[in-house]
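Q: the following comprises the amino acid sequence and a computationally predicted model.
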Amino acid sequence: MIPEDMNASIQLPAVKFFARAARWFVRPGMKLRAAQRGAAVMLAAASLMWPAFYNGYPLLFPDSMTYIGSGKAVARALFLHQFSSEYGLRSLFYGIGILPFNWNVSVWPVAALQCLMVAWVVWLLMRVFAGRRAVSSYLLMMLFLSSLTSASWYAVFIMPDILGPILYISIYLLVFAFESLSRAERWLLYLIAWWAVTAHVSHLPVAAGLCGMLGMVAAVEGNKFPGRFRSVAAVAAVIILAAGAQIALYSYLYGKPLLFGRIPPMAMARVIADGPGQWYLEKNCPLLQWEVCNHLASLSDNPDTLLWGPRGTYQASSETEKRQMEAEQMPLVLGVLRAYPRRQLTRSLENFGNQLCAFGLFGLNYNHGVLDLGNTGLEARDDAMPGMRASYANSLQGHDALPITRLSDIEWWVIVLSMMSIAVFTPLIWRCRSPRLDGLFMVILAVLVANAFVAGVLSGVVHRYQCRVIWLIPLAAGVVVLQWLQQRAAAKDQIAGKE
């Protein structure tokens, strides 16, 4: 276990962050109601931090070190013109975005920032539906989400995963609740959405697809909601600006326009693991001069093993060979689609279905329910954040002692009960439901489907991919129950008024 004095010292940056944020949310001279709301958001954000306190450190993943290290390298290139030969294979925007909160000293403020963002966007959502009882309803909702869903675990996870659901809730608010937001709230949501789109390769296609769907709905609605299409157009502009920023940054760093920078050949690994990619290479490699053909005999039917296994084709290759395989990715995928369209479509649909139902906490079903981050690269990346290695090693995660299987079982039942609650309570409020509630259902359903499609079809079936957004179902269930309670209370007041 972590010594008490060490535990207090490593958690101190998070406490300082919340203290500074509290001075902004609860300022001297504020009206009592505004101060109560600010205090509620801070309390909710603190409640989301409990997995980090329980673990003894914010949760890490092998990619966490890449993000932390890339932020410093990009900052040197942008402000000092000191370019690096390599910036990693992950989003540089998440790395540079969290740099002011860690400064290569501590990741506790990063976890606190992510918890505060979750707490704030959920507050805006609950304010839309809860009305006069917004504060009490919000605190109950956050207690539910933080204690029984994956929201709190991903909020303290030093990865951009939590920014996905934050992005989708922000889009919902900007489209369906635009008039309920102040100007400052709108601009802050635009900024958060912009950063979230750039933070992970999957966020851009999901957000673009969601925006396209909402645009079609707004066009069908016509004059029924005149401001809806304008709100969708504003969100689309944010997504376009995010894509433009990515192209501009990667052009500056790599000398050529790229939308996502360097990304590992995930689609290549996927079609090879599915089978058609292997068949295509076996048939055509004698005519091709591809680097991947040199590894034909050792290709794996598991995309993660092929990419990241210690002896995997991609991980074990030299830097030059990796870049050649990255360039061969699209020709291979297009060749497979031409040669075996039906077989690849069938396998892709199977992957989509499997990913849709795979949402165990962090997806560690392959590791007996214990989070194994022995391959974080901490030994080689102490330069990214000196002192992190000791703090991580003293955490429960560092000792493989987190009860992930038990937590995943709890989450599974929460999701099942949440869906049952939606099925039971939605008909009870059918006549009094609002367009905003319909919009919330539509956005969450679209996000769950699109996220599973992008992850399962283009990458691999990994529980972590769906787990990061699955807590939106309990969120929707809580909103439905709240609407039913409000409807019931209104009916009682009406009866009492007649008497």
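A: Thanks, I have the structure now.
Q: can you tell me the SS state at the nearest residue to F129 once chain neighbours are set aside?
A: Excluding the flanking residues, the one nearest F129 by CB to CB, 6 or more residues apart in numbering is V479, at 5.3 Å. The way it works is simple: take the backbone N, C-alpha and C, and place the C-beta from them, glycine included. Per DSSP: H, G, I helix; E, B strand; the rest coil, the local secondary structure of V479 is helix.
Q: how near is V479 to L472?
A: The gap separating V479 from L472 is 10 Å, by CB to CB, to the nearest Å.
Q: the residue nearest to F129 and F441 touch, don't they?
A: No - with contact defined as CB atoms under 8 Å, V479 does not count as touching F441 (9.2 Å).
Q: higher neighbour count, those two?
A: V479 (24 against 16; other CB atoms under 10 Å).
Q: would you put the C-alpha positions of the helix or strand containing P109 in CSV?
A: Applying DSSP states H and E as the criterion places P109 in helix 108-130. Extracted in CSV, the C-alpha atoms of helix 108-130 (Å, rounded to 0.1, in the frame of the first residue of the first chain):
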residue,chain,number,x,y,z
TRP,A,108,-3.0,14.8,-11.0
PRO,A,109,-4.1,18.2,-12.4
VAL,A,110,-4.9,16.5,-15.7
ALA,A,111,-7.2,14.1,-14.0
ALA,A,112,-8.8,17.0,-12.0
LEU,A,113,-9.3,18.9,-15.3
GLN,A,114,-11.0,16.0,-17.0
CYS,A,115,-13.3,15.5,-13.9
LEU,A,116,-14.2,19.1,-13.9
MET,A,117,-15.0,19.0,-17.6
VAL,A,118,-17.3,16.0,-17.1
ALA,A,119,-19.0,17.6,-14.1
TRP,A,120,-19.6,20.9,-16.0
VAL,A,121,-21.1,19.5,-19.2
VAL,A,122,-23.3,17.1,-17.1
TRP,A,123,-24.4,20.2,-15.1
LEU,A,124,-25.4,22.0,-18.2
LEU,A,125,-27.4,19.0,-19.4
MET,A,126,-29.2,18.5,-16.0
ARG,A,127,-30.0,22.2,-15.9
VAL,A,128,-31.9,21.8,-19.2
PHE,A,129,-34.1,19.0,-17.8
ALA,A,130,-34.2,19.6,-14.0
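Q: now that helix: buried residues?
A: 108-130 (16 or more other CB atoms under 10 Å).
Q: likewise for stretch 448-457?
A: By 16+ other CB under 10 Å, the buried positions in stretch 448-457 come out as L448, A450, N451, A452, F453, V454, A455, G456, V457.
Q: pLDDT at A19, what is it?
A: pLDDT for A19: 63.
Q: same question, L485
A: 87.
Q: what about it, which helix or strand?
A: Here L485 is assigned to helix 472-498, by DSSP H and E.
Q: next, the angle from that helix to helix 108-130.
A: Here helix 472-498 points in a direction 40 degrees away from that of helix 108-130 (axes from the mean of the first three to the mean of the last three CA atoms, to 10 degrees).
Q: local confidence estimate at V479?
A: So V479 comes in at 94 (pLDDT).
Q: who's in contact with it?
A: Going by CB atoms under 8 Å, 6 or more residues apart in numbering, V479 touches L125, M126, F129, L437, L440.
Q: what is the burial count for the last one?
A: With neighbours defined by other CB under 10 Å, the count for L440 comes to 24.
Q: surely it touches A477?
A: No - applying CB under 8 Å as the test, L440 and A477 come out as separate, 11.0 Å apart.
Q: ok, which stretches of this protein are strands?
A: Counting by DSSP state E, the chain has no strands at all.
Q: tally of neighbours for A401?
A: 14.
Q: can you check S136 too?
A: Around S136 there are 12 residues (other CB under 10 Å).
Q: so for it, what's the pLDDT?
A: Taking S136 on its own, its pLDDT is 90.
Q: please determine how far it is located from L440.
A: Counting by CB to CB - S136 and L440 are separated by 20 Å.
Q: over to V107?
A: Relative to L440, and taking CB to CB, V107 is found at 32 Å.
Q: one step back: mind putting the buried residues of stretch 448-457 into JSON lines with distance to R431 and pLDDT?
A: Converted to JSON lines, those look like this (distance: CB to CB, whole Å; pLDDT from 0 to 100):
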{"residue": "L448", "distance to R431": "26", "pLDDT": "97"}
{"residue": "A450", "distance to R431": "30", "pLDDT": "96"}
{"residue": "N451", "distance to R431": "32", "pLDDT": "96"}
{"residue": "A452", "distance to R431": "32", "pLDDT": "96"}
{"residue": "F453", "distance to R431": "34", "pLDDT": "95"}
{"residue": "V454", "distance to R431": "36", "pLDDT": "94"}
{"residue": "A455", "distance to R431": "37", "pLDDT": "93"}
{"residue": "G456", "distance to R431": "37", "pLDDT": "92"}
{"residue": "V457", "distance to R431": "39", "pLDDT": "92"}
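Q: just the residues you listed: which are in helices?
A: Cross-referencing the buried residues of stretch 448-457 against helices under DSSP state H gives L448, A450, N451, A452, F453, V454, A455, G456, V457.
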